[in-house]
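Novice: I'd like to go over a predicted model; first the sequence, then the structure.
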Amino acid sequence: MADTLAPQAVRDEAAPAPVVRPRGRRRNRLVAGAAAAWLVLLLVEWAADGRFWLGNLVGIVPPAAFALVPLLLAALAPLARGAARWRTLGAAGLALLLGLGQSGIDPVAPWRAEPRPGADAVRVFAWNTNSWNQLLGTQDHFYAFLKVKRADVYLLHEYQHVTADRKGKLPIDDLARLRREFPGYEVVVRGELVTLSRFPVVGRPPVGPARAVPAGADWATEYRETKVLRTDVRVRGRVVSFYNVHMPVWNSMPDGLLSPAFYRHMRERFAPRRAQYAGLAADVAANRNPVVVAGDFNATAAMADLDPLRERLADAAEVSTDPYPTSWEEGGWKPFWRTDWAFTGNGARAERYAFGDPEKLSDHAPQELWVGLPGSD
């Protein structure tokens, strides 16, 4: 009996191992490698963003990619086999954990109740006017668009025109029409920033680099150094600080990613942007008034520039029902980026927040914000 079993045993022991085909190995390497590469890219971006000028390149990526790419990689994991599949899932899961906060996606937003502002809420309208409507629409349409919002406080940017090549900035004087269109409002202008307030203005302290600008400085200096206009207003017996913000843009997209001018612009703008952001963060930290900070920050959810504000203040989008709010580029491609932000703090709180339709007057959607103040419940 033993002699008859031996040949079978020998055949079993000598059976060849399963063959891993070259195509399967390539697929394993491709899927696991893609997940590992995305994770490494996230770590490099985390190390560079906010610390080195080249880190601002993250602003090109639509923030939603920081959630969608890991999910896509996880969906592709079954194409890999054995350990490669688990490596892919592990890298994709870690990338999702690291990147979700940079994605701008609010997964609970669709389940929020529709916000209902209180009767005493202050209505705020913040908008990049696209060079004061020089390039799109008509001035009559522009002013009618602003007036119909009936805001208590308007925070407007790009009170300026541009040269024919659109590379230079020019001062304008539209104060007479502003006062005519908005009777009863106080008008505060500095550089390219305009704040209109239905409430009495009691202070206009300079913020950040603007503190070093001497009285009587020319418009070009004011334009360059004043990217934050703080206006303290008295609202029903309480002083509230409104920060009108338009941060310097970090890129020169018309030059193109392959142009040396694009990277020269990035490098030259890095320090001025940091100075403006640092000045704003320091002023907000020292301010004990209720604060509202809104404007065009030229930063996306993926960029570290906003971190100090997000750590101290509440993003107004926390009351929105939009799971992925975007504001730019209106009128061109469907917007994928939110570069316009609003924050509240020190007792001020957003009661409703939404992006509106710019009616083809600007490439930025306007921010419409209702703010409740301490003691207004």
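Specialist: Structure's in. What do you need? Keep in mind that this is a model prediction, so the values were computed, not measured.
Novice: what sits against Leu156?
Specialist: Ala126, Trp127, Thr129, Leu146, Leu193, Val194, Thr195, Leu196, Asn244 (Cβ atoms under 8 Å, 6 or more residues apart in numbering). Quick note: C-beta positions are derived from backbone N, CA and C, even for glycine.
Novice: will you turn the residues you listed into TSV that also has secondary structure?
Specialist: Converted to TSV, the contacts of Leu156 look like this (DSSP: H, G, I helix; E, B strand; the rest coil):
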residue	secondary structure
Ala126	strand
Trp127	strand
Thr129	coil
Leu146	helix
Leu193	strand
Val194	strand
Thr195	strand
Leu196	strand
Asn244	strand
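Novice: my guess is Phe242 contacts Arg234, does it?
Specialist: No. Phe242 is beyond contact range of Arg234, at 11.7 Å (criterion: Cβ atoms under 8 Å).
Novice: Look at the two and report which has more neighbours.
Specialist: Per other Cβ atoms under 10 Å, whichever of Phe242 and Arg234 has more neighbours is Phe242, with 30 against 14.
Novice: what's the helix or strand harbouring that one packed up against?
Specialist: Using DSSP states H and E, Phe242 sits in strand 238-246. Secondary-structure packing of strand 238-246 (3 or more Cβ pairs under 8 Å, 6 or more residues apart in numbering; DSSP states H and E): strand 122-128, strand 153-157, strand 193-197, strand 228-235, helix 260-286, strand 291-296.
Novice: Show me which positions of it end up buried.
Specialist: Applying a neighbour-count criterion of 16 or more other Cβ atoms under 10 Å, one finds Val240, Ser241, Phe242, Tyr243, Asn244, Val245, His246 buried in strand 238-246.
Novice: quick one: the last one from Asp218, how far?
Specialist: When Cβ to Cβ, to the nearest Å is applied, the distance between His246 and Asp218 equals 19 Å.
Novice: can you check the fourth one too?
Specialist: For Tyr243, the distance to Asp218 (Cβ to Cβ) stands at 24 Å.
Novice: Tell me how far stretch 133-148 lies from the chain's centre.
Specialist: Relative to its parent chain, stretch 133-148 has a centroid offset of 25 Å by Cα atoms, centre = their mean, to the nearest Å.
Novice: Just the mean pLDDT for that stretch, thanks.
Specialist: Here stretch 133-148 scores 88 as its mean pLDDT.
Novice: which residues touch it?
Specialist: 125, 129-130, 132, 154, 156, 161-162, 177, 181-182, 331, 359-362.
Novice: Buried only: go through these for me.
Specialist: Using 16+ other Cβ under 10 Å, the buried ones in the contacts of stretch 133-148 are Phe125, Thr129, Asn130, Trp132, Tyr154, Leu156, Val162, Phe182, Gly331, Leu361, Ser362.
Novice: from the buried residues of strand 238-246, which is closest to Tyr277?
Specialist: Val245 (9.6 Å; Cβ to Cβ).
Novice: who touches that closest one in this structure?
Specialist: Contacts of Val245 (Cβ under 8 Å, 6+ apart): Leu155, His157, Lys227, Val228, Leu229, Leu280, Val293, Ala294, Gly295, Asp296, Phe297.
Novice: swap in His246?
Specialist: Asn128, His157, Glu158, Glu192, Leu193, Lys227, Gly295, Asp296, Asn298.
Novice: just the helices in the chain please.
Specialist: 2-13, 22-48, 65-76, 83-99, 130-133, 139-148, 175-181, 219-225, 260-286, 307-312 (DSSP state H).
Novice: so the second one versus helix 83-99, what angle?
Specialist: Between helix 22-48 and helix 83-99, the angle formed by their directions is 20 degrees, by axes from the mean of the first three to the mean of the last three Cα atoms, to 10 degrees.
Novice: Any regions of the protein where pLDDT drops low?
Specialist: Scanning the chain for pLDDT under 70 picks out 1-23, 137, 331-334, 376-377.
Novice: picking that back up, quick check: the two most widely separated of the contacts of His246?
Specialist: Leu193 and Asn298 (14.1 Å).
Novice: who has more neighbours, these two?
Specialist: Remark: of Leu193 and Asn298, Leu193 carries more neighbours, 27 against 24, as counted by other Cβ under 10 Å.
Novice: and the gap between the more buried one and Ala294?
Specialist: 12 Å.
Novice: returning to that earlier point: among the helices of the chain, which is nearest Leu373?
Specialist: Taking Cβ to Cβ, helix 260-286 is the member of those nearest to Leu373, at 16.6 Å.
Novice: Kindly spell out which helices and strands sit in contact with that closest one.
Specialist: strand 228-235, strand 238-246, strand 291-296, helix 307-312.
Novice: Quick one: residues in contact with the third one.
Specialist: By Cβ under 8 Å, 6+ apart, the surrounding residues in contact with strand 291-296 are 122, 124, 126, 128, 153, 155, 157, 240-247, 280, 284, 309, 313, 316, 339-346, 348, 364, 367, 369, 371.
Novice: Could you check the angle that strand makes with helix 260-286?
Specialist: On the basis of the same axes, to 10 degrees, strand 291-296 is oriented at 170 degrees to helix 260-286.
Novice: Quick check: buried residues in strand 291-296?
Specialist: So strand 291-296, judged by 16+ other Cβ under 10 Å, has buried residues Val291, Val292, Val293, Ala294, Gly295, Asp296.
Novice: Grab the CA positions of that strand and hand them over as CSV.
Specialist: Taking C-alpha atoms only, strand 291-296 is exported to CSV below (Å, rounded to 0.1, in the frame of the first residue of the first chain):
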residue,chain,number,x,y,z
VAL,A,291,-15.9,90.6,14.9
VAL,A,292,-17.0,89.9,11.4
VAL,A,293,-14.2,89.1,8.9
ALA,A,294,-15.2,88.7,5.3
GLY,A,295,-13.8,89.1,1.8
ASP,A,296,-11.7,87.7,-1.0
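Novice: Could you give the separation of it from the chain centroid?
Specialist: For strand 291-296, the gap between its own C-alpha mean and the chain's C-alpha mean amounts to 12 Å (Cα atoms, centre = their mean).
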